[in-house]
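could you look at this predicted model? Sequence included:
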Amino acid sequence: MDERINFRIVILARAKQELIEAWKWYKERELGLGDRLFDEIEYTFSLIENNPEAFPQKRKSYREVRTKIFPYSLIYRISKGTKEVIITSAFHFKRNPKLKYLK
């Protein structure tokens with residue numbers, strides 16, 4: 001029996017805004033493309049929920065997981081006490097990498 005406890009995803013305002021902007025951009029490009037982005041993001045969330053420590057720690061307490069198709073990484077930190085994964089950014093690869101870990 002697998003007794004692993006899933007973590008709850010908490011998406012900070014910055015990350016929510018980045019995801020909304022990405023969805024709008026892809027939605028304008030092709031019918032259904034914005035929804036495909038969100039399907040991939042939800043899948044990536046499920047990977048993180050099930051095993052948040054599986055992805056590399058990149059800077060201090062921040063971890064990063066890349067989406068498979070779209071050019072984004074989800075930046076997050078883990079709160080073991082509350083069993084939460086806090087998504088701080090949905091970061092597009094073409095953005096300035098120095099902005100990745102801003103709060």
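That came in fine, so what should we check first? Being a predicted model, the structure only gives us computed values, none of them experimental.

so I87 makes contact with A13?
No - the pair I87 / A13 is not scored as a contact, 10.6 Å apart, by Cβ atoms under 8 Å. In short, each C-beta sits where N, CA and C put it, glycine included.

settle it for me: which of the two has more neighbours?
Applying other Cβ atoms under 10 Å to I87 and A13 shows that I87 carries more neighbours, namely 23 against 8.

what sits against the more buried one?
Applying Cβ atoms under 8 Å, 6 or more residues apart in numbering, we find I87 in contact with I9, V10, I11, L12, A15, F45, L74, I75, Y76.

how much space separates the residue nearest to the fourth one when sequence neighbours are not counted from K27?
Right, L12. Setting aside the residues directly before and after it, L12 is nearest to T88 in space (Cβ to Cβ, 6 or more residues apart in numbering), at 5.4 Å. Going from T88 to K27 by Cβ to Cβ, to the nearest Å gives 24 Å.
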